[in-house]
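Participant: Sequence and predicted structure below; questions after.
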Amino acid sequence: MIQHRIFNFYSIFCLIFSLVCFANIAHAQTIPSPKSVLGFHPTTDKTIADWSQITNYFSKLDQASDKVAVREIGKTTLGKPFIVAFISTADNIKNLENYRAINQKLADPRQIKDEAEFQRLIGQGKTVVAISCSIHSTEIVASQMSMNLAYQMATATDEETKEILNNTILLLIPSANPDGIDIVANWYRKTLGTPYEGTSPPELYHHYAGHDNNRDWFMLNLKETQTVTKLFWQEWFPQVVYDVHQMGQNGARFVIPPFFDPPNPNIPPLVLREVGLMGYKMAADLQASKFAGVATNTTFDTWWHGGFRSAPYYHNSIGILSEAASANLMSPVLITPEKMRQTRGARGLASPLETATNHPQAWQPKTWRASDIAAMEMVACRSVLQMAAKFRTNYLRNFLELNRNNSRENANPNQPIAYVIFAGQGREEVVSRFIEILLAQGIEVYKMSRELHASIPSMQPTETEIPLGSFLIPLDQPQRNNVEALLGKQIYPNRVDERGNVDVPYDVAGWTLPLQMGVESYAVKQIVEGANSNRKLERVTDINQARQTLNLNRAKEEFAKLPQPLKTNPRVGLYKGFTASMDEGWTRFVFDTFQVPFKSVSDREIRNNNLKFDAIILPADSENTIVDGLKAENYPKEYTGGITAQGVENLKKFVENGGKLICFDDSCELIIKRFNLPMKNVLKDLKRSEFYCPGSILQLDVDNTNPLAKTFGKQTAAYFINSSAFEISDASKIKSVATYANSNALLSGWLLGEKYLNGKTALAETDYGKGKIVLFAFRPQHRGQTFGTFPFIFNALEK
Ligand SMILES: [Zn+2]
């Protein structure tokens, strides 16, 4: 009996064991490879998987593997599914919510009750790593590589992979811009085998932003940015964010951190060290895998906020970027020594053909393929994951400590303790949007339930009453550095060498959000009334709470939409060529956001004089770009040629017959020249050593008696990015509506040679025939961020 029972147990055990084994084997065998689903191995020459193929593969992987959970986290701008694949051990995947909750506590240690809980969370938590591919859609290889990476993680059984799966949770984003994957895939397929194979599509690869889709990570204008920001900074708080990019063809093969100078002073030094350490690990692993041409400490800096890999720094996370040399989309390209010699020296790397400490093995020029890019990216991804797994407790502890430090009251009495947004400043919809942007990235905002007295150094008198309905953004919160980086002023270091050469920053130098948006905010040094006043304030957890405080009755359902601002119903045309103008895209974004009806105007319509509009806008593009368009040798005929000289004549007739022409920044030059206007851009011929202003906020003096400037005060902040300043030679013909301030014009960023623009015209207006021309020397709608100067555009459009 007993024996029988044992026998029974034994046989049942064997049966279960063999079933489990069989299930495991069967399971392993059914995990589909990308090739088995797509019919080709991704990253093979001249193949491309579009978004439906990529999402289809990930959904098959999700069904087959318990190590992979694919979630749709939102829709893209054009309505496609936006997905993320969670990859870890089967056990971890089952307990995702548990690990997410742990990470959320590490991101806000004020929720942790004692040291024992700290230790427990660090012991139990996993390093959360996000890897995002091909936000820039012509940098297409990573999106294809992502399927190979996911398959490898789901099937490999080596010790290193096991350690990675055990200790990390990978959030793999196959593309941060799915719409663009299809724009590029369609164009690539259309041109494959033609002389135009491998060229960039003749349209923006993000509906509004094109390449600027990676300039939106604090402003959150785009659906994709909003979706990922919610995933990262409201839900998962990744300790490591790796954004996979490509660059030009003829330089180094692969650029990774450490980055180039200058660092942003709001990035914690520990984060910069961690970024550098991870970069060196990637570099060493690539070298060990015999890849040449890997460069560190070059080109890309950490000054600017707003990139996929730079926003994490302000959440105390490690942001990594890799930039691989590009092929011709998925087609191979022959790189010659000649091409590499002609490459302009990058910051920190004199020549890609020479070795240097930060580039210890130069790459020998030859044919360069998508598979070469993918191979390097795979090694780099594994490096990041391996580090994250091996040093799990270090990453979690450092992350927690940085968040904890930020949450403490600032011990330095000279530093501000909060920013205040005063009630009753007008433009409530813009204030609401401003608060919404802060809330969306997890910044804590409070509204006041009673009046407070505060010391505000920049106000007179400095001790001021803050009225009810104002908002306070305290600095003792985990995102202290983000608050400082967004609301504080940027003072870019004056990087000029002895010979007067300026060191060009990677992106813009200044972006202070309240200045750009025309929202009044002040740094508060001290709340005079009562200790711990912050805690008596009420936290704003939802934008509609803030809207009630602002007396905005309409609830906000959609992030993007704002009330229509135009009153006279003008017929608006916006010039849109085939050169993929980001400035055009952002103008369209502003019009869609404020529900301004408009039509895009093509080269052909301008050439054929088909211009039934009250106003036409030329976005900030150069004379050549607008007149000549895409070159015939690079694109099929229907996309080439620009508006032509005939088009310029037609625009002239349009204005002479009563139309209004509105030009932004670069496009002014075309009209000033071809219409013989008595004015010039005084900055045009200056050397960089004399004048330089690479993306900064400047003070304008405004003639607010002019209808163009109605609703403005006497001064306003405007965005200048290598823009213009006009000198008017006949003031009886050209009206100056706004000028750059006579002194101290720089509000945030970097301005070298200020004297050249002081007092010069920033906004001009002239009658021309029966019509009008409005010339903006600056960017009134820069990246959809400059809410403060949007009203100039709306005023200009009114009949
Ligand atoms: Zn890129």
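Facilitator: Nice, I can see it. Numbering: from 1, shown residues only.

Participant: what's the pLDDT at residue 561?
Facilitator: At residue 561, the pLDDT value in this model is 84.

Participant: mind checking the SS state of it?
Facilitator: Three-state call for residue 561 (DSSP: H, G, I helix; E, B strand; the rest coil): coil.

Participant: That one and the ion: what is the separation?
Facilitator: According to C-beta to the ion, to the nearest Å, residue 561 and the ion sit 29 Å apart. Every C-beta, even on glycine, is put in place using the N, C-alpha and C of the backbone.

Participant: Residue 194 and residue 140, how far apart?
Facilitator: Plainly put, residue 194 is 18 Å away from residue 140 if you go by C-beta to C-beta, to the nearest Å.

Participant: Repeat that for residue 267.
Facilitator: Per C-beta to C-beta, residue 267 is found 30 Å from residue 140.

Participant: Residue 196 and residue 634 touch, don't they?
Facilitator: Yes. Using C-beta atoms under 8 Å, residue 196 is in contact with residue 634, at 6.6 Å.

Participant: Same drill for the two, tell me which one is more crowded.
Facilitator: residue 196 (17 against 13; other C-beta atoms under 10 Å).

Participant: ok, that one - contacts?
Facilitator: 634, 635, 636 (C-beta atoms under 8 Å, 6 or more residues apart in numbering).

Participant: any idea which of those residues is closest to the ion?
Facilitator: Closest approach to the ion among the contacts of residue 196 (C-beta to the ion): residue 634, at 20.5 Å.

Participant: Which strand or helix spans the closest one?
Facilitator: If you go by DSSP states H and E, residue 634 is not part of any helix or strand.

Participant: Provide a list of residue ranges in the stretch 501-650 of the chain with pLDDT below threshold.
Facilitator: Low-confidence segments of the stretch 501-650 of the chain (pLDDT under 70): 529-536.

Participant: where exactly do the helices run in it?
Facilitator: Counting by DSSP state H, counting those that start in this stretch, the stretch 501-650 of the chain has helices at residues 513-517, 543-549, 582-593, 603-607, 623-628, 644-656.

Participant: and the ion, which of these is closest to it?
Facilitator: Closest to the ion of those, according to C-beta to the ion: helix 582-593, at 13.3 Å.

Participant: how about the closest one: buried residues?
Facilitator: Burial within helix 582-593, assessed by neighbour count using 16 or more other C-beta atoms under 10 Å, is assigned to 582, 583, 584, 585, 586, 587, 588, 589, 590, 591, 592, 593.

Participant: From residue 133, how far out is the residue of the stretch 651-799 of the chain found nearest the ion?
Facilitator: Closest contact between the stretch 651-799 of the chain and the ion, by C-beta to the ion, is at residue 783 (15.8 Å). Computed as C-beta to C-beta, the residue 783 to residue 133 distance reads 23 Å.

Participant: Pick out whichever of the two has more residues nearby.
Facilitator: Per other C-beta under 10 Å, whichever of residue 783 and residue 133 has more neighbours is residue 133, with 29 against 25.

Participant: Contacts only, for that one.
Facilitator: By C-beta under 8 Å, 6+ apart, residue 133 lies in contact with 142, 143, 145, 146, 172, 173, 174, 175, 176, 244.

Participant: In CSV, list those residues along with pLDDT and secondary structure.
Facilitator: Converted to CSV, those look like this (pLDDT from 0 to 100; DSSP: H, G, I helix; E, B strand; the rest coil):
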residue, pLDDT, secondary structure
142, 98, helix
143, 98, helix
145, 98, helix
146, 98, helix
172, 99, strand
173, 99, strand
174, 98, coil
175, 98, coil
176, 98, coil
244, 98, strand
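
Participant: Out of those, the closest to residue 307 would be?
Facilitator: When those are ranked by distance to residue 307 (C-beta to C-beta), residue 176 comes first, at 11.3 Å.

Participant: Got the phi and psi for the closest residue to the closest one other than its chain neighbours?
Facilitator: Of all residues not flanking residue 176 in the chain, residue 135 sits nearest, at 3.8 Å (C-beta to C-beta, 6 or more residues apart in numbering). Backbone torsions for residue 135, taken as degrees, to the nearest 10, come to phi -60, psi -30.

Participant: Give me the neighbour count for residue 135.
Facilitator: Residue 135 has 28 nearby residues by other C-beta under 10 Å.

Participant: list the contacts for it?
Facilitator: By C-beta under 8 Å, 6+ apart, the contact list for residue 135 reads 175, 176, 177, 213, 214, 224, 243, 245, 308.

Participant: what do you get for residue 45?
Facilitator: Each residue near residue 45 by C-beta under 8 Å, 6+ apart is listed here: 330, 331, 332, 369, 370, 371.

Participant: same check, this time on residue 486
Facilitator: Each residue near residue 486 by C-beta under 8 Å, 6+ apart is listed here: 218, 305, 314, 438, 443, 511, 512, 513.

Participant: With residue 215 instead?
Facilitator: Shown in contact with residue 215 (C-beta under 8 Å, 6+ apart): 209, 306, 307, 507, 783.

Participant: now these as JSON lines including secondary structure?
Facilitator: Below are the contacts of residue 215 laid out as JSON lines (three-state DSSP):
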{"residue": "209", "secondary structure": "coil"}
{"residue": "306", "secondary structure": "coil"}
{"residue": "307", "secondary structure": "coil"}
{"residue": "507", "secondary structure": "coil"}
{"residue": "783", "secondary structure": "helix"}
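
Participant: Return the closest of these with respect to residue 661.
Facilitator: Nearest to residue 661 among those, counting by C-beta to C-beta, is residue 783 at 23.3 Å.

Participant: low-scoring stretches of this protein, by residue?
Facilitator: For the chain (pLDDT under 70), the answer is 1-29, 529-536.

Participant: Run a quick neighbour tally on the closest residue to the ion within the stretch 251-400 of the chain.
Facilitator: Minimum separation of the stretch 251-400 of the chain from the ion (C-beta to the ion) falls at residue 323, amounting to 6.9 Å. Neighbours of residue 323 under the rule other C-beta under 10 Å: 22.

Participant: Up against the ion, what does the protein have?
Facilitator: Proximity of the chain to the ion, by C-beta under 5 Å from the ion, involves residues 136, 139, 245.

Participant: And the residues you listed, which of them are buried?
Facilitator: Judged by 16+ other C-beta under 10 Å, buried ones among the residues of the chain next to the ion: 136, 139, 245.

Participant: Pick out the residue of the stretch 51-200 of the chain closest to the ion.
Facilitator: Per C-beta to the ion, residue 136 is where the stretch 51-200 of the chain lies closest to the ion, at 3.6 Å.

Participant: and that residue, helix, strand or coil?
Facilitator: coil.

Participant: correct me, but it touches residue 245?
Facilitator: Yes. Applying C-beta under 8 Å, one finds residue 136 in contact with residue 245, separated by 6.1 Å.

Participant: mind listing what the nearest residue to residue 559 once chain neighbours are set aside touches?
Facilitator: Nearest residue to residue 559 in three dimensions, chain neighbours excluded: residue 226, at 5.7 Å (C-beta to C-beta, 6+ apart). Each residue near residue 226 by C-beta under 8 Å, 6+ apart is listed here: 74, 220, 440, 559.

Participant: which one of the residues you listed is nearest residue 356?
Facilitator: residue 220 (38.7 Å).

Participant: Narrow the contacts of residue 45 to those in helices?
Facilitator: Of these, the ones assigned to helices by DSSP state H are 370, 371.

Participant: picking up where we left off before, quick one: secondary structure of the residue of the stretch 251-400 of the chain closest to the ion?
Facilitator: What three-state DSSP gives for residue 323 is strand.

Participant: List the beta-bridge partners for it.
Facilitator: Beta-bridge pairing of residue 323 under DSSP bridges involves residue 245, residue 255.

Participant: hang on, the earlier thing: so which of the contacts of residue 45 is the most crowded?
Facilitator: Top of the contacts of residue 45 by neighbour count (other C-beta under 10 Å): residue 370, with 28 neighbours.

Participant: mind checking how far that one is from residue 334?
Facilitator: In this view, residue 370 and residue 334 are 14 Å apart by C-beta to C-beta.
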